[in-house]
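Undergrad: After the sequence you'll find the predicted model.
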Amino acid sequence: MEALIAETAERIFADHVDKDLLDRAEAPASGEFPDALWRVVQNAGLHLVGRPDSGSDLGDLFGLLKIAGRHALPLPLAEVLVANAVLPDVPEGSGFATIAVDGVAPWARAATRVLDLDGILHVSFTVEPGANIAGEPRDRVRLGRTAPVEVPGEVYRYMGLSRTSLMAGALERTMEMTVDYAMERIQFGRPIAKFQAIQHNLAVLAGEVAAAVRACDGAIEALGTVGADNQIAAAKARVGEAAGVVAEIAHQVHGAFGFTHEHSLHHYTRRLLAWRDEYGREREWQEQLGRRASARGADQLWDFITRGQ
């Protein structure tokens, strides 16, 4: 990923995303779209990362989403980036396109266009507000005026990788929060991180995060190669598995304090569980890999496992 993009995104998200903004964006039926943050993202050109004419590539796009996940960014950045990467034009102004699956799209209430994976671009529509388990807006779109567009077949896989990248970033942040808390929380005269049971849990958590992040990075690195589809499938499955384990351990280590709304942990763990469900859970992607491995035959299984092709 280009260092300039990473540094710009990290600075903007760190400066503008805080608990108050997340709380206001997560109101179930009336979530407040962070217009000021969106304007800053636009002015920096981050919404165009990954477009062929932007000087960046798809690797930069998904790397940017990892950073967004680290900050629980309350914007439909994945949808905006993928839509802008595949649609022929990006209109001037503050509007954006989001992407719908089965008629439901993130932040459709604030979007000017909605793209569905069947190749229909909705330019006039109404919405029924909704939310996922993390409180992120997931609105049902009522059809209005539409225009057909050509949608590349890999868009669903790109969206699966978008959730993988967001989860990878959120996993890293969840681990940092958990380790910091374990080092700061004093019990019986010493930090709880000194107790063997806590150390064991932190070791499991760190192992899950390391495996998940590497799987995500491997899928991003494989983009444009023959084995990209397999790498994306493996990454979505592996990161989804890690999300459940890490969320559980993080709350165990934080104890009752970590379950309160006033603490920031839930902004990450609820997103991990929500993103895990979106664009296919582990079983869907594992079955894809299983079918492809079976089709290759027993003689090619080792090559399939080691080379991902």
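TA: That came in fine, so what should we check first?
Undergrad: Excluding residues flanking it in the chain, which one is nearest residue 83?
TA: residue 97 (4.0 Å; CB to CB, 6 or more residues apart in numbering). Using the backbone N, CA and C atoms, a C-beta is placed for each residue, glycine as well.
Undergrad: residues touching that neighbour, list them.
TA: 79-80, 83-84, 87, 111-115, 121 (CB atoms under 8 Å, 6 or more residues apart in numbering).
Undergrad: Parallel or antiparallel, which strands does the least confident helix or strand in the chain by mean pLDDT pair with?
TA: Least confident helix or strand of the chain, by mean pLDDT, DSSP states H and E, is strand 146-148 with a mean of 78. Partners of strand 146-148 in the sheet, by DSSP bridges, are strand 120-122 (antiparallel).
Undergrad: Give me the mean pLDDT for the next helix or strand after the strand it pairs with.
TA: Following strand 120-122 in sequence order, the next helix or strand is strand 126-128 (DSSP states H and E). Mean per-residue pLDDT for strand 126-128: 93.
Undergrad: Just the buried positions in strand 126-128, please.
TA: Buried positions in strand 126-128, judged by neighbour count with 16 or more other CB atoms under 10 Å: residue 127.
Undergrad: Show residues contacting it.
TA: By CB under 8 Å, 6+ apart, strand 126-128 touches 108-109, 139-142, 144.
Undergrad: need these in CSV with distance to residue 160 and neighbour count, can you?
TA: Output for the contacts of strand 126-128, formatted as CSV (distance: CB to CB, whole Å; neighbours: other CB atoms under 10 Å):
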residue, distance to residue 160, neighbour count
108, 20, 28
109, 24, 19
139, 21, 26
140, 21, 15
141, 21, 20
142, 26, 12
144, 28, 11
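Undergrad: rewinding a little: narrow the contacts of residue 97 to those that are buried.
TA: 79-80, 83-84, 87, 111, 113-115, 121.
Undergrad: from these, which is closest to residue 214?
TA: residue 79 (25.8 Å; CB to CB).
Undergrad: Next, find the distance separating that closest one from residue 269.
TA: 22 Å (CB to CB, to the nearest Å).
Undergrad: same question, residue 289
TA: Taking CB to CB, one finds residue 289 at 27 Å from residue 269.
Undergrad: now do residue 30
TA: 23 Å.
Undergrad: how far does the helix or strand harbouring residue 295 sit from the chain's center?
TA: Per DSSP H and E: residue 295 is located in helix 282-296. How far helix 282-296 lies from its chain's middle: 23 Å, per CA atoms, centre = their mean, to the nearest Å.
Undergrad: same for it, what does it pack against?
TA: Applying 3 or more CB pairs under 8 Å, 6 or more residues apart in numbering; DSSP states H and E, we find helix 282-296 packed against helix 228-254, helix 301-307.
Undergrad: mind putting those in CSV, mean pLDDT, distance to residue 171 and mean neighbour count included?
TA: As requested, the helices and strands packed on helix 282-296 are exported to CSV (pLDDT from 0 to 100; distance: least, CB to CB, whole Å; neighbours: other CB atoms under 10 Å):
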stretch, mean pLDDT, distance to residue 171, mean neighbour count
helix 228-254, 97, 6, 22
helix 301-307, 80, 24, 12
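Undergrad: between these, which gets nearest to residue 55?
TA: Judging those by CB to CB, what sits closest to residue 55 is helix 228-254, at 21.8 Å.
Undergrad: Quick one: name whatever helix or strand follows that closest one.
TA: helix 265-277.
Undergrad: So which bits of that next one are buried?
TA: 265-276.
Undergrad: got a list of what residue 157 touches?
TA: 228-229, 232.
Undergrad: oh sorry, the question was meant for residue 10
TA: Residue 10 touches residue 67, counting by CB under 8 Å, 6+ apart.
Undergrad: what about 10 Å?
TA: 64, 67, 70-71 (CB atoms under 10 Å, 6 or more residues apart in numbering).
Undergrad: In which helix or strand does it reside?
TA: helix 3-16.
Undergrad: where does the stretch 51-200 of the chain dip in pLDDT?
TA: Scanning the stretch 51-200 of the chain for pLDDT under 70 picks out the ranges 90-94.
Undergrad: Quick check: end-to-end length of stretch 98-114?
TA: In stretch 98-114, first residue to last residue: 5 Å (CA to CA, to the nearest Å).
Undergrad: And the helices in the stretch 51-200 of the chain, which stretches?
TA: Secondary structure of the stretch 51-200 of the chain (DSSP state H, counting those that start in this stretch): helices at 58-70, 77-86, 155-184, 196-222.
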